[in-house]
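Peer 1: Sequence and computational prediction follow.
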Amino acid sequence: MTASKFDVLQGTLDLMVLKTLEALGRLHGYGIARRIEQVSDNRLSLNQGTIYPALVRLQKRGWVKAKWSTTPSKRRAKFYSLTRSGLKQMEKEAQKWKCIAGTMARVLAPPRKGGRDGTDTSHFRQVHGFLPRQPSESGSR
């Protein structure tokens, strides 16, 4: 499979930024973007028009704080770090995405017992009128 770049799914960038800051601590925006690209095996590409609006949004929500400092190459940059409320939000969002990923895994799972979606569908199909009901012993429905 060819490695191709993917668009960042709506709602995932904030979580990726928060998780990056939790893992690595204080970073400037460029460093955050490069780390997310690295972790994604370069399948994601984050430019300034993507990462900096996200950082401003997270800062306005109180989930990250920013402070101007000097980089190792003696350039001034804004460094971001996770706040306590950002850590709590990251934990909530991570749990939500784990549930979403689990749901997608079930939806995409190979079929079993005749279900195309990875689940046994006979009961569902019968209840919702997709299969004929078995006649009852009394002969009435």
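Peer 2: Thanks, I have the structure now.
Peer 1: which other helices and strands contact the helix ranked longest in the chain?
Peer 2: In the chain, with assignment by DSSP state H, the single longest helix is helix 84-108. Judged by 3 or more Cβ pairs under 8 Å, 6 or more residues apart in numbering; DSSP states H and E, helix 84-108 is in contact with helix 12-24. To be clear about C-beta, it is placed using only N, CA and C from the backbone, and glycine gets the same treatment.
Peer 1: Where does pLDDT dip in this protein?
Peer 2: 1-7, 9-10, 112-141 (pLDDT under 70).
Peer 1: Break it down into its structural domains.
Peer 2: 1-87, 100-131 (automatic domain parsing).
Peer 1: which of these is buried the deepest?
Peer 2: Highest mean neighbour count of the domains of the chain: domain 1-87, a mean of 15 (counted as mean count of other Cβ atoms under 10 Å).
Peer 1: and that domain, how far from the chain's centre?
Peer 2: What separates the centre of domain 1-87 from the centre of its chain is 14 Å, taken as Cα atoms, centre = their mean, to the nearest Å.
Peer 1: on that earlier part again, now the domains of the chain as TSV including distance to Ala94?
Peer 2: Supplementary listing: the domains of the chain in TSV, determined by distance: least, Cβ to Cβ, whole Å:
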stretch	distance to Ala94
domain 1-87	7
domain 100-131	10
